[in-house]
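Undergrad: What follows is a predicted structure for the sequence shown.
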Amino acid sequence: MGLYIIAAILLLPLIEIAVFIWVGGLIGVFPTILLTLVTAVAGTIMLRQQGLSLLMRMQKELDAGRAPGNEVMQGAMIVLASIFLLIPGFVTDAIGLLLFIPPVREALAKFIISRSDVVIVQGGQGARRPGDHVVDLDEADWSEKNDDPSGGASGKGQPRISPWQDGSDNAKS
């Protein structure tokens, strides 16, 4: 995968230069520069318009109590599309414009998700993987138990903490 990224970084400028020369030969230098500027402005406008609608859809998903996973993927592709439109060049502009088309984004998102290992964790900090062997207790779920008159089960003054004691023995100690 890394080799493909390096190849794209090296080949993309060469392809862009070739397309600039070809388009400049067809329509002239000033129309080519003007077209490049127009696509940059169009990308900025489209980012603003589609970005705001995407934020509203994400807020609706959050308000409904659902994780906005698809909306996050759509947002990442809209940001990528706007970056492609801001980069001078016709090939990157074409890719950027394609990414602004919702069915293209949906298809690309499905393609990426089908090749990804996505784990959705509900509840954030309390979620654990099976096999972690961790007992997660709230303050109300545990109490101290002093079996030893010296102050601890080991005799070193440290109280033993027990999650299974209801706390009624503490009043007797």
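TA: Sure, I can see it.
Undergrad: who's in contact with residue 84?
TA: 43, 92-93, 95-96, 99 (Cβ atoms under 8 Å, 6 or more residues apart in numbering). (C-beta placed from N, C-alpha, C; glycine too.)
Undergrad: pLDDT (mean, whole number) over stretch 91-107?
TA: Regarding stretch 91-107, the rounded mean pLDDT is 90.
Undergrad: Kindly tell me how buried residue 97 is, as a neighbour count.
TA: Using other Cβ atoms under 10 Å, residue 97 has 17 neighbouring residues.
Undergrad: That one - nearest residue in space that isn't next to it in sequence?
TA: Distance criterion Cβ to Cβ, 6 or more residues apart in numbering; nearest residue to residue 97, sequence neighbours excluded, is residue 85 at 7.1 Å.
Undergrad: okay, the helix or strand hosting that neighbour in PDB with CA atoms only?
TA: Assessed by DSSP states H and E, residue 85 sits inside helix 69-86. Extracted C-alpha coordinates of helix 69-86, given in PDB (Å, rounded to 0.1, in the frame of the first residue of the first chain):
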ATOM      1  CA  GLY A  69     -20.300   6.700  11.100                       C
ATOM      2  CA  ASN A  70     -21.400   7.100   7.600                       C
ATOM      3  CA  GLU A  71     -21.600  10.900   8.000                       C
ATOM      4  CA  VAL A  72     -18.000  11.000   9.300                       C
ATOM      5  CA  MET A  73     -16.900   9.000   6.200                       C
ATOM      6  CA  GLN A  74     -18.800  11.400   4.000                       C
ATOM      7  CA  GLY A  75     -17.300  14.400   5.800                       C
ATOM      8  CA  ALA A  76     -13.800  13.000   5.300                       C
ATOM      9  CA  MET A  77     -14.400  12.600   1.600                       C
ATOM     10  CA  ILE A  78     -15.800  16.100   1.300                       C
ATOM     11  CA  VAL A  79     -12.700  17.500   2.900                       C
ATOM     12  CA  LEU A  80     -10.600  15.400   0.600                       C
ATOM     13  CA  ALA A  81     -12.600  16.600  -2.400                       C
ATOM     14  CA  SER A  82     -12.100  20.200  -1.500                       C
ATOM     15  CA  ILE A  83      -8.400  19.700  -1.000                       C
ATOM     16  CA  PHE A  84      -8.300  18.100  -4.500                       C
ATOM     17  CA  LEU A  85     -10.100  21.100  -5.900                       C
ATOM     18  CA  LEU A  86      -7.800  23.600  -4.200                       C
END
